[in-house]
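> Only the shape, not the letters, is given here:
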Ligand SMILES: Nc1ncnc2c1ncn2[C@@H]1O[C@H](COP(=O)(O)OP(=O)(O)O)[C@@H](O)[C@H]1O
Ligand SMILES: [Mg+2]
């Protein structure tokens, strides 16, 4: 049985108090009963004495009546239950009362008288004085009941016992209350304190303020936690660090169950902590990557001790894959037993996006470089071909002439080449060429007249939704126009059976000082997800040879980018697409 | 057209371009001379006067821009039309060329109308 120290001390003090009480009580009772019996003895001997004196003469003269009177008188005395007088031969002179079967005490005394000495006594009577001798003439027996005495003793005992019990109870109560305040509470505080500290709460202070050893213990306890704070990292502190990490953290047991996760991971994957702890790590990785956490590969990882920047996909609760770069290392105890694997995974979505963008701009730069190099060499022959073709065609200037069509064809194709070279060169011109204030509203109006006729032919409903007040932006007017034309041409191409083409322009941001947003919306066939990533690549086209160069969106992207803007696309297959350009007022 | 035939110098390292301009402008009654690089052009200009000079920018021996400076030194009032390529960042280039005294700038591959427009502009400028 476990007893608290306070209970033990309480028991001990109670035992001591009880023993002490018993001893005192016992002594008190003994002393008191002795006193009572002595008192009785004294009283009875006085009684006996007076009886022997008063009965001397009646006995001497044999006056039985007087004896009876005296004895009856005695019988009135308290506690006396039986009295008997005998003469010197032992004959009964008188008796009174009765002997009941109870606790009694028997007293006796002699009845004496003085007599003149006989015989040689005469010789001794020298100085005229009579020599006298005491002679026993009878005997008195007195029986006293001890009932009363015992009663008294019992009363006293009871009083003492009650007193002792009350004293014991009061003293134990007082001592346990005292113990509670002096010992029990402070110790409980300290116990609670150690528990809190064990849990890592180094900010916990015990409030034991007494002036004794326990108070000092409390003070040094507080000092200890204070000192500990300086030299240890608390659990809170570590938790805090783990949960402030931007990268996701996961601790995996050797059996691939999840042991710890941090907030970043929970946020990234959309799980709650208790949905993951104890589950297999397979829960949160893509099906293709699950093999790293099972079978041979897992064993190998445990053996090797680490994995570095492993590109894989986490699987969010919603089921979507999130590309991460996983770095893990094995955590072992002093005996080289593997405790767990600590893994950090970095969300690579943004990086991937940037990578793609970088790839895109690298591609464009490459195209630009190539174009820049080739364009110069092509431009001279192109000038000659185009120039001669146009010169001669103009000179012929007769549709019936057999050279007219060939010459016109050479001219037309040369112009097409010229345009292509010009398009390619968009990628190479890094300089901010020809920036001027551009009134977007006006620009859109001008641009729409360019495509109006084409729309009419293709049975396309051209809608214009331009805000009244649009900011004037600093831009290359031709280039911005080229972007809008490119987007409109694509939209028209996407609506082979007619549809709605809407050009919308609104203020972007809080006020007109920020920029404009231009949206080109069509009701065409839309862009399937699998090619949506690629449409801005130069030379990417789904159109037939001769129909599309795949440069339109690439050029538009490049132009918008160089204006410090953004171009986005939203599309639903068979519903249509929205291309959104955001241009800042000042790039 | 006025009685006096306009004299035009075409400076280009590309024979095709020289031939094209010659073919086109001679048929229009201009007197054409050609040079195949900047050095040759400067030599010719030192001895002869021209109403208009077409000057290519990208040439061996002496670049068009240097040739332009030299020509302008010899004849400060000379009308020079620069041939550039669309592969040059034209806005910057154009302002530079004009600062150095060029009358106008044509970008290869040019179309016939562009060429004729520039010549007309230059001729009118000359006449006035
Ligand atoms: N509005 C649109 N609707 C459907 N698909 C489009 C749209 N705009 C662009 N695309 C797709 O993007 C591709 C690339 O477009 P672009 O760069 O303009 O080149 P091109 O028009 O010459 O093919 C197109 O071939 C087409 O598949
Ligand atoms: Mg296109």
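Good, I have the coordinates. These figures come from a predicted structure and were not determined experimentally. Numbering: from 1, shown residues only, chains lettered A, B, ... in the order given. Ligands and ions are numbered 1, 2, ... in the order given.
> Could you tell me which residues of chain A lie near ligand 1?
For chain A, the residues in contact with ligand 1 (C-beta under 6 Å from any ligand atom) are A:486, A:490-491, A:494, A:522, A:524-527, A:535, A:540-543, A:548-554, A:577. Just so you know, the C-beta spots here come from the backbone N, C-alpha and C atoms, and that holds for glycine as well.
> Tell me which stretches of chain B form strands.
B:7-11, B:31-35, B:52-56, B:79-85, B:104-108 (DSSP state E).
> Tell me which of these is the most buried.
Mean neighbour count (mean count of other C-beta atoms under 10 Å in any protein chain shown) peaks for strand B:52-56 among the strands of chain B, with a mean of 26.
> Narrow the residues of chain A next to ligand 1 to just the buried residues.
A:486, A:490-491, A:494, A:522, A:524-527, A:535, A:540-541, A:548-549, A:551-554, A:577 (16 or more other C-beta atoms under 10 Å in any protein chain shown).
> Can you check my assumption that residue A:201 lies in a helix?
No - Residue A:201: not assigned to a helix; according to DSSP: H, G, I helix; E, B strand; the rest coil it is coil.
> Can you tell me how far it is from residue A:192?
Using C-beta to C-beta, to the nearest Å, one obtains 11 Å as the distance from residue A:201 to residue A:192.
> neighbours around the nearest residue to residue A:172 once chain neighbours are set aside, how many?
Nearest-residue entry for residue A:172: residue A:14, 4.7 Å, with adjacent residues in sequence omitted and distances by C-beta to C-beta, 6 or more residues apart in numbering or on different chains. Residue A:14 has 16 neighbours, counted by other C-beta atoms under 10 Å in any protein chain shown.
> tell me the contacts of residue A:14?
A:168, A:172, A:175 (C-beta atoms under 8 Å, 6 or more residues apart in numbering or on different chains).
> Can I get the buried part of the residues you listed as one ChimeraX selection?
Applying 16+ other C-beta under 10 Å to the contacts of residue A:14, the buried members can be selected in ChimeraX as follows:
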select /A:168,172,175
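> so which of the contacts of residue A:14 are also by ligand 2?
Among the contacts of residue A:14, none lies close to ligand 2 by the criterion of C-beta under 5 Å from the ion.
> okay, the contacts of residue A:14 in TSV with pLDDT next?
Below are the contacts of residue A:14 laid out as TSV (pLDDT from 0 to 100):
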residue	pLDDT
A:168	83
A:172	82
A:175	85
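> mind putting the contacts of residue A:14 in CSV, secondary structure included?
Shown next, in CSV, are the contacts of residue A:14 (three-state DSSP):
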residue, secondary structure
A:168, helix
A:172, helix
A:175, helix
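> What is the least confident helix or strand in chain B?
helix B:90-99 (a mean of 72; mean pLDDT, DSSP states H and E).
> Which elements pack onto it?
helix B:64-74, strand B:79-85, strand B:104-108 (3 or more C-beta pairs under 8 Å, 6 or more residues apart in numbering or on different chains; DSSP states H and E).
> Wondering if the first one reaches chain A at all.
The reference is to helix B:64-74. No - looking at helix B:64-74 against chain A by C-beta under 8 Å from any C-beta of the partner chain, there are no contacts, and the closest approach is 13.0 Å.
> Run the angle between that helix and strand B:7-11 for me.
Interaxial angle of helix B:64-74 relative to strand B:7-11 (axes from the mean of the first three to the mean of the last three C-alpha atoms, to 10 degrees): 150 degrees.
> The shortest one too?
Following the same axes, to 10 degrees, one obtains 50 degrees for the angle between strand B:104-108 and strand B:7-11.
> Tell me where the stretch 1-150 of chain A has strands.
Under the criterion DSSP state E, counting those that start in this stretch, the stretch 1-150 of chain A carries strands at the ranges A:80-87, A:92-97, A:104-116, A:132-145.
> For residue A:213, give me phi and psi.
The phi/psi pair for residue A:213 (degrees, to the nearest 10) reads phi -60, psi -40.
> now the spatially closest residue to residue B:33 that is not a sequence neighbour: how far from ligand 2?
Ranked by C-beta to C-beta, 6+ apart and with sequence neighbours excluded, the top spatial neighbour of residue B:33 is residue B:9, at 5.1 Å. Distance from residue B:9 to ligand 2, counting by C-beta to the ion, to the nearest Å: 43 Å.
> does residue B:9 really touch residue B:50, like I thought?
Yes - here residue B:9 reaches residue B:50: they are 4.5 Å apart, a contact under C-beta atoms under 8 Å.
> Quick check: neighbours shared by the two?
residue B:33.
> so what's the residue nearest to the spatial centre of chain B bridging to?
Residue closest to the average C-alpha location in chain B (C-alpha atoms, centre = their mean): residue B:54, at 1.1 Å. Beta-bridge partners for residue B:54, by DSSP bridges, are residue B:10, residue B:81.
> Name the spans of the stretch 201-350 of chain A whose pLDDT lies under the cut-off.
Residue ranges of the stretch 201-350 of chain A with pLDDT under 70: A:232-234.
> Report the closest residue of it relative to ligand 1.
residue A:349 (23.5 Å; C-beta to the nearest ligand atom).
> Just list the residues touching that residue, thanks.
A:322, A:323.
> cutoff 10 Å now
A:268, A:322, A:323, A:324 (C-beta atoms under 10 Å, 6 or more residues apart in numbering or on different chains).
> Following the chain onward from the helix or strand residue A:387 falls within, which element is next?
Under the criterion of DSSP states H and E, residue A:387 resides in helix A:349-396. Using DSSP H and E, the helix or strand that follows helix A:349-396 in sequence is helix A:404-426.
> ok, now how distant is the one residue in chain B that gets nearest to ligand 1 from residue A:481?
Here chain B gets closest to ligand 1 at one residue, residue B:86, 20.1 Å apart by C-beta to the nearest ligand atom. Residue B:86 is 18 Å from residue A:481, where distance means C-beta to C-beta.
> When the two are compared, which one has more neighbours?
Neighbour comparison, residue B:86 and residue A:481: the larger count goes to residue B:86, with 23 against 18 (by other C-beta under 10 Å).
> my guess is that one meets residue B:107, correct?
Yes - Residue B:86 is within contact range of residue B:107, at 4.8 Å (criterion: C-beta atoms under 10 Å).
> what is in contact with these two at once?
Common neighbours of residue B:86 and residue B:107 (C-beta under 10 Å, 6+ apart) are A:379, A:383, A:418, A:422.
> Return the closest of those with respect to residue A:471.
residue A:422 (29.2 Å; C-beta to C-beta).
> and the closest one, what is it in contact with?
Each residue near residue A:422 by C-beta under 10 Å, 6+ apart is listed here: A:371, A:375, A:379, A:482, A:555, B:86, B:87, B:107, B:109.
> near ligand 2 too, which of those residues?
Answer for the contacts of residue A:422 near ligand 2: none qualify (C-beta under 5 Å from the ion).
> can I get those in TSV with distance to residue A:448 and pLDDT?
Formatted as TSV, those follow (distance: C-beta to C-beta, whole Å; pLDDT from 0 to 100):
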residue	distance to residue A:448	pLDDT
A:371	30	79
A:375	31	81
A:379	32	86
A:482	14	89
A:555	20	87
B:86	27	70
B:87	31	66
B:107	28	84
B:109	29	86
